[in-house]
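In: Give me a 3D structure for the following:
(2 chains)
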2 protein chains.
Amino acid sequence: MKSDTPTLRRRTLLAGAAGAAAAGLAGPETAAAQEKAPETKPGALPDYVAWKDGGTLIVHSDKTLETRREAFGTGLITPANRLYIRNNVNPPSAAILADRDAWTVEIGGVKEPRRISLRELKGLGLESVATVLQCSGNGRKYFQDGLTGGQKISGTPWTVGAAGCVIWSGVPLRAVVEALGGPQDGVRFITGTGGEEIPPGLKPKDIVVERSVPLATLDTVLLAWEMNGEPLSLAHGGPLRMVVPGYSGVNNVKYVKAVALTPAETDAKIQAASYRMHGVGEKPAPTQPPVWEQPVRSWITTPLATVAAGRVQVAGVAFGGVNAVRGVEVSADGGATWVPARLVGPDLGRFAWRLFAASLDLAPGRHVLASRATDAAGAVQPEDTPANGGGYSHNGWRGPAVAITAT
Amino acid sequence: MKSDTPTLRRRTLLAGAAGAAAAGLAGPETAAAQEKAPETKPGALPDYVAWKDGGTLIVHSDKTLETRREAFGTGLITPANRLYIRNNVNPPSAAILADRDAWTVEIGGVKEPRRISLRELKGLGLESVATVLQCSGNGRKYFQDGLTGGQKISGTPWTVGAAGCVIWSGVPLRAVVEALGGPQDGVRFITGTGGEEIPPGLKPKDIVVERSVPLATLDTVLLAWEMNGEPLSLAHGGPLRMVVPGYSGVNNVKYVKAVALTPAETDAKIQAASYRMHGVGEKPAPTQPPVWEQPVRSWITTPLATVAAGRVQVAGVAFGGVNAVRGVEVSADGGATWVPARLVGPDLGRFAWRLFAASLDLAPGRHVLASRATDAAGAVQPEDTPANGGGYSHNGWRGPAVAITAT
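Out: You can find the predicted model right below:
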């Protein structure tokens, strides 16, 4: 089964190298630019996320809200009220939360396919997993800033805040599949279908949030009804979400109403003609690698502006998609020299991010802080990620570098 | 050093066996009684915790608020707005949070003693740890329910909710001690002093929250300024708290204004004549064992009332104080027979609690669910903890057993 499911990282690097023109040259000024973003007034939050902490979020639009970099703290788990939002389609009515246990999901591609209620799912198993939930386009701004010669990448200009680390609780999809007789022969993917309403007059295949991931993820996929210990909010996909640990946000289907083991990827537009790794200026196509596993990545969360000169603790977060983090290096001179950071605090498992910290002696003046992570498979963050047309899977260390002043 | 610091557990069991009369006979009805407690209206929260989620808390008094058992969820980390409150003295003015970095703590018992600011502490190191924070009296109600013959244990009748699992971030005390030249000769304890105001006319030693713990904890004590990724709230001891992982709540000194390595335990009343393991009806005295390390403990968090008959996931939390959890067993017949539970989800380290789950087939009718944990040192929860005069360190499995109905 493994050989049928090449990882995104391998594919991405090849596609990126082949398809990209001049690599992103965004400097540390981008971090300063983020700091200048006006503080969101709580009133500016869309209704369905009115319960969030507006002061910790940048509102790009009513479907795209980014966590401010300074709001990550050092607590590992991102509180729900600070977690980013990225919706492809308007969320369904909140009425679907009125009786959570009555929500049903159609399970297909198994020997005994049928519709199953959340109430019944809760009896089939219980597992909990910490994962980095990250928009596929997190860091897109660093690609955009680096483009020259009239090239363009459209999409939300996320910096680092379209990501968080949360704990999900639910039933392993494997337990559900086994309860229904096991997989049908010939299946190679897990295809989840979201419960968003399709506006009348539009083609369902153009709108539906239906994503396919390799069958190998059956070992880790969760049908989750809790996030951070609370019943899953509508904003984050409640009452039930398909969580694919290590895979970028779009693969974690919200309000999941159907899960099928399938012989092929879905032909829904969001899978076939979007979230593909293609060159800048090229059109997406099903022949290109899909955006699946997240590549190794890190960024500094403190300090971000000014700091007293002398011994300074530089800290941040690092993660490796489906791989654990092996180590992190930190630079105070924009990447000319590097020192090892310590991995500190609890290890929440390979799909979560790790907190890192390094003690640096900083003289008065300007310093450009950068971090560079290595994952357990040996992949290292590049200086710049080769650009791709959708602005996906950025993981270069130079984009999120931050210029600070020691006084 | 170790030989100077016998663990509480060893001392507790001896003291409890010697000092206690009839052991607690509280049955599963106590869980039902908790369910009958009226729901707190948010307006009933004291001002300093008005930001908490009133629906998840039982307000015993303005200084004692308990997390409802059903509010623990399965997320491992207890959100700050659901975490219990137990104050011995009124909190200081919120003005102490106006400039957090300006807060100072006097460090004594080191070669170069001096006052140090939070700003400077932040440069000395950064560590993060997940711990079970639990009131020393959590479970006191089970002792009280079991008393006969006119015996009495006074204090808040906590059941299971004076506890939570949170992530702290701060500087290891060891790094601070080393920066100040290391320990003075002859020191055997770490003594932390809280910043509560002493009302005029009262003896400071009678009021001050000053606690001593064995010097061996220097390997793990943190001076913490963040909890769950956010600057520490006043209610939970901000701007700075001395966190002693694995030790019961009172030892985790809030608004800590002084930390000294000392040759002896403090003679403050809260250490010398309170939080001691003494027999029911006896007076506390400095010769009795102090309430320090938390014993191994667990309780079920779901289901708590009615459930559909058939396959049911029984889940809960288990912890071992300074020891990891080795395993948990679950019973559906009030402790007559036991089956092993699975430890599920992230392992946040030995001071945190683990989530456990067991799949049970429950026929229609009444079932009494109980859980029994074993820690890495081999300690097993007893059926009943021998009573002690202060109602401290309850860890029997029978008290928190819960009667449910499968329909």
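
In: Flag every residue of the stretch 251-400 of chain A that's near chain B.
Out: For the stretch 251-400 of chain A, the contact set with chain B under C-beta under 8 Å from any C-beta of the partner chain comprises A:308, A:310-313, A:315, A:344-349, A:352, A:355, A:357, A:359. All C-beta spots, glycine's among them, are computed from the backbone N, C-alpha and C.

In: repeat that with 7 Å
Out: Proximity of the stretch 251-400 of chain A to chain B, by C-beta under 7 Å from any C-beta of the partner chain, involves residues A:308, A:310-313, A:315, A:344-346, A:348-349, A:355, A:357.

In: What mean pLDDT does stretch A:305-324 get?
Out: Summarised as a single mean, pLDDT over stretch A:305-324 is 96.

In: sorry, back to before: right, and out of the residues of the stretch 251-400 of chain A next to chain B, which lies closest to A:P113?
Out: A:G349 (31.5 Å; C-beta to C-beta).

In: what about the strands in the stretch 101-250 of chain A?
Out: Counting by DSSP state E, counting those that start in this stretch, one finds strands in the stretch 101-250 of chain A at the ranges A:104-108, A:114-117, A:127-134, A:163-172, A:189-194, A:210-214, A:222-227, A:230-231, A:241-243.

In: closest to chain B out of those?
Out: Chain B sits nearest to strand A:127-134 of all those, at 2.9 Å, using C-beta to the nearest C-beta.

In: So in that sheet, which strands flank the closest one, and in what orientation?
Out: When pairs are called by DSSP bridges, strand A:127-134 turns out to pair with strand A:163-172 (antiparallel).

In: Can you give me the buried ones in the strand it pairs with?
Out: For strand A:163-172, a neighbour-count test (16 or more other C-beta atoms under 10 Å in any protein chain shown) marks A:A163, A:G164, A:C165, A:V166, A:I167, A:W168, A:S169, A:G170, A:V171, A:P172 as buried.

In: Quick one: residues contacting the last one.
Out: By C-beta atoms under 7 Å, 6 or more residues apart in numbering or on different chains, the contact list for A:P172 reads A:G125, A:E127, A:L222.

In: By proximity to chain B, which residue of the stretch 301-407 of chain A wins?
Out: Closest point on the stretch 301-407 of chain A to chain B, by C-beta to the nearest C-beta, is A:G345, at 2.9 Å.

In: picking up where we left off before, give me the subset of the residues of the stretch 251-400 of chain A next to chain B lying in helices.
Out: Secondary structure assignment (DSSP state H) places none of these within helices.

In: Could you write me a ChimeraX select line covering just the buried ones among the residues you listed?
Out: One line in ChimeraX is enough to select the buried ones among these; burial here means 16+ other C-beta under 10 Å:
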select /A:308,312,313,315,344,345,346,348,349,355,357
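
In: just to revisit the earlier point, which of the buried residues of strand A:163-172 sit farthest apart?
Out: Using C-beta to C-beta, the buried residues of strand A:163-172 span at most 25.3 Å, a distance reached by A:A163 and A:V171.

In: where along chain A do the helices fall?
Out: A:8-19, A:29-36, A:118-124, A:140-146, A:173-179, A:204-207, A:269-272.

In: need the least confident one among the ones you listed, by mean pLDDT.
Out: Among these, helix A:8-19 carries the lowest mean pLDDT (a mean of 32).

In: Go through the residues of the stretch 251-400 of chain A next to chain B and flag which are in strands.
Out: If you go by DSSP state E, those have A:G310, A:R311, A:V312, A:Q313, A:A315, A:V344, A:L355, A:A357 in strands.

In: mind putting the buried residues of strand A:163-172 in CSV, distance to A:T67 and pLDDT included?
Out: Shown next, in CSV, are the buried residues of strand A:163-172 (distance: C-beta to C-beta, whole Å; pLDDT from 0 to 100):
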residue, distance to A:T67, pLDDT
A:A163, 7, 98
A:G164, 6, 98
A:C165, 11, 98
A:V166, 12, 97
A:I167, 17, 97
A:W168, 18, 98
A:S169, 22, 97
A:G170, 23, 98
A:V171, 28, 98
A:P172, 28, 98
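
In: ok, A:V328 - contacts?
Out: A:S298, A:A318, A:A341, A:L343, A:F356, A:S371, A:R372, A:A373.

In: Identify the farthest-apart pair in the ones in strands among the residues of the stretch 251-400 of chain A next to chain B.
Out: Pairwise distances across these peak at 22.1 Å for A:G310 and A:L355 (criterion: C-beta to C-beta).

In: State the distance from A:L261 to chain B.
Out: Going from A:L261 to chain B by C-beta to the nearest C-beta, to the nearest Å gives 22 Å.

In: Which two among the contacts of A:V328 are spaced furthest apart?
Out: Checking these with C-beta to C-beta, the most distant pair is A:L343 and A:R372, at 13.8 Å.

In: more neighbours, these two?
Out: Neighbour totals were compared for A:L343 and A:R372, and A:R372 leads with 24 against 17 (other C-beta atoms under 10 Å in any protein chain shown).

In: What's the separation between that one and A:A341?
Out: Counting by C-beta to C-beta, to the nearest Å, the gap from A:R372 to A:A341 is 9 Å.

In: Which neighbours do these two have in common?
Out: By C-beta under 7 Å, 6+ apart, A:R372 and A:A341 have these common neighbours: A:V328, A:E329.

In: Below-threshold pLDDT in chain A: ranges please.
Out: Along chain A, segments meeting pLDDT under 70 span A:1-43.

In: you'd agree the residue of the stretch 301-407 of chain A closest to chain B is up against B:T131?
Out: No. Applying C-beta atoms under 7 Å, one finds A:G345 not in contact with B:T131, separated by 11.5 Å.

In: can you pull out the strands in the stretch 251-400 of chain A?
Out: A:256-262, A:297-302, A:306-307, A:310-319, A:325-331, A:339-340, A:342-344, A:354-362, A:365-375.

In: distance between the fifth one and the chain's centre?
Out: In terms of C-alpha atoms, centre = their mean, to the nearest Å, the centre of strand A:325-331 is set 20 Å apart from its chain centre.

In: in the stretch 1-150 of chain A, what residue is nearest chain B?
Out: Taking C-beta to the nearest C-beta as the measure, the point where the stretch 1-150 of chain A comes nearest chain B is A:G75, at 2.2 Å.

In: Could you pull up the contacting residues of that residue?
Out: A:G75 neighbours (C-beta under 7 Å, 6+ apart): B:I167, B:S169, B:E226, B:N228, B:G229, B:E230.

In: B:T385 versus the third one, what's the distance?
Out: Per C-beta to C-beta, B:E226 is found 34 Å from B:T385.

In: What number of residues are in the vicinity of A:G201?
Out: 5.

In: So stretch A:212-232, near chain B or not?
Out: Yes. Shown here: stretch A:212-232 in contact with chain B (C-beta under 7 Å from any C-beta) through A:E226, A:N228, A:G229, A:E230.

In: What of stretch A:99-107?
Out: No. Stretch A:99-107 does not reach chain B (C-beta under 7 Å from any C-beta); its nearest approach is 9.3 Å.
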